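> This is a predicted model, with the sequence first.
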Amino acid sequence: MPELPDLTVVAEELERRVTGRTITEASAPTPILVRATPAELAELSGDTIGVPSRRGKFLLMPFLRDGVPHRLLAANPMLAGRFWIVPPSERVRARTGLRLRLDGPEELRYVDREMLGKLYLVAPGALDDIPGWTEMGPDADDPDLTLDAFRQRIRRHPGELKPLLRNSRFVAGIGNAYSDEILWEARLAPFRRRSTLADDDIERLYHAVRSVLGDAVERIRVSVPPAIENQDRSFLKVHLRGGEACPRCGRELRQIGGREATTFCRTCQPPF
Ligand SMILES: [Zn+2]
């Protein structure tokens, strides 16, 4: 599942490759993935792609008409949605939710083999119409999310730490993989409850959020572009490495759950 570091780099690469291009034709080969009518898609012809950005687990792409915001694409890729920049001659894959033909040598496609993601096409300023948008907390890498602000927010969110980190109402952009990495970095067990944290635990958690996500962005910037359809998780220290040695203490990492697995170290991340 693309999380904050993955989508940050995708947005950067899209800016390099498609910003400034004009859309010559927009279509939805698999229409169910796109919350837009064929007429709304047809209206994108002639629009220019603006500078993409990321908010939480959404990739945002503005479309400009005569330099003025006209529409905004908000993509929530969920488990398996990916953007592809390909030559127009490339075969259109099954489960292609959006195809933007451009006035250049490449075109932009969104493919989602699990069909769990959603693409929303909204008017500028209408992001609040997207389900869950208004409830979203600050981005986990938001410069305004200071340690003090983090402390304030975490008081309002009870429960176990792993679901807490993944809850976009608390902070946005963290999913299953990076929550494991952050908790291991902070030496906090995923099942610990927020109410058991001392002040210095919260401080360690805050700094782990920042350092793990920041380091991941730097790694991914080097390893993924130009092939933004790929995801690099090879550098993760614990997530899905159950049975391997903890990189800190050497104890065998424990992993529970299936597809949404949680991996942790029972020595570095004691239960209380
Ligand atoms: Zn360990």
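Looks like it came in fine.
> Give me the sheet partners of the lowest-mean-pLDDT helix or strand in the chain and which way each runs.
Between all helices and strands in the chain, the lowest mean by mean pLDDT, DSSP states H and E belongs to strand 34-35, at a mean of 91. Partners of strand 34-35 in the sheet, by DSSP bridges, are strand 118-122 (parallel).
> What average pLDDT does the strand it pairs with get?
Throughout strand 118-122, pLDDT has a mean value of 94.
> Quick one: distance of that strand to the chain centre.
15 Å (C-alpha atoms, centre = their mean, to the nearest Å).
> Quick check: buried residues in that strand?
Buried residues in strand 118-122, counted by 16 or more other C-beta atoms under 10 Å: 118-122. C-beta here means a position set from N, CA and C on the backbone, and glycine is covered the same way.
> For the biggest helix by length in the chain, report the contacting residues that lie outside it.
Ranked by residue count and defined by DSSP state H, the top helix of the chain is helix 199-223. For helix 199-223, the external contacting residues (C-beta atoms under 8 Å, 6 or more residues apart in numbering) are 4-6, 8-9, 12, 140-141, 147, 150-151, 154, 161, 165, 171, 173-174, 178, 181-183, 185-188, 197, 232, 234-235.
> Now list the buried members of those.
Buried, going by 16+ other C-beta under 10 Å: 4-6, 8-9, 12, 140-141, 150, 154, 161, 165, 171, 173-174, 178, 181-183, 185-188, 197, 232, out of the contacts of helix 199-223.
> contacts with the ion among those residues, please.
Among the buried ones among the contacts of helix 199-223, no residue sits close to the ion (C-beta under 5 Å from the ion).
> OK, contacts around the nearest residue to residue 167 once chain neighbours are set aside?
Leaving aside its chain neighbours, residue 167 sits nearest to residue 157 (6.5 Å; criterion: C-beta to C-beta, 6 or more residues apart in numbering). For residue 157, the contacting residues are 164, 167, 169-170, 194, by C-beta under 8 Å, 6+ apart.
> three-state assignment of residue 157?
Applying DSSP: H, G, I helix; E, B strand; the rest coil to residue 157 yields a three-state assignment of coil.
> before we move on, the earlier item: which two in the contacts of residue 157 are spaced the farthest apart?
Farthest pair in the contacts of residue 157 (C-beta to C-beta) is 169 and 194. Separation: 13.6 Å.
> hey, where'd the helices end up in the stretch 151-272 of the chain?
161-166, 176-186, 199-223 (DSSP state H, counting those that start in this stretch).
> Could you pull out the buried residues of stretch 43-50?
43-44, 47-50.
> Give me the residues contacting that stretch.
Against stretch 43-50 from outside (C-beta under 8 Å, 6+ apart): 18-26, 61-65, 67, 69-71, 100, 102, 108.
> From these, keep the buried residues only.
Buried among the contacts of stretch 43-50 by 16+ other C-beta under 10 Å: 18, 21, 23, 26, 61-64, 70-71, 100, 102, 108.
> number of nearby residues for the nearest residue to residue 178 once chain neighbours are set aside?
Take residue 178 and drop its neighbours on the chain: the residue closest to it by C-beta to C-beta, 6+ apart is residue 3, 5.0 Å away. Using other C-beta atoms under 10 Å, residue 3 has 23 neighbouring residues.
> Identify the residues contacting residue 3.
Residues in contact with residue 3, defined by C-beta under 8 Å, 6+ apart, are 57, 173-175, 177-178.
> Could you export those residues as a markdown table, including distance to residue 89?
Listed next are these as a markdown table, based on distance: C-beta to C-beta, whole Å:
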| residue | distance to residue 89 |
| --- | --- |
| 57 | 32 |
| 173 | 35 |
| 174 | 38 |
| 175 | 34 |
| 177 | 34 |
| 178 | 36 |
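> Any chance of those in a markdown table with pLDDT and distance to residue 207 as columns?
A markdown table is the format used below for these (pLDDT from 0 to 100; distance: C-beta to C-beta, whole Å):
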| residue | pLDDT | distance to residue 207 |
| --- | --- | --- |
| 57 | 95 | 22 |
| 173 | 97 | 16 |
| 174 | 98 | 14 |
| 175 | 96 | 20 |
| 177 | 97 | 19 |
| 178 | 98 | 14 |
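> Can you say which helix or strand has the nearest residue to residue 109 once chain neighbours are set aside in it?
Leaving out its chain neighbours, the residue that sits closest to residue 109 by C-beta to C-beta, 6+ apart is residue 84, at 4.6 Å. Using DSSP states H and E, the element containing residue 84 is strand 81-86.
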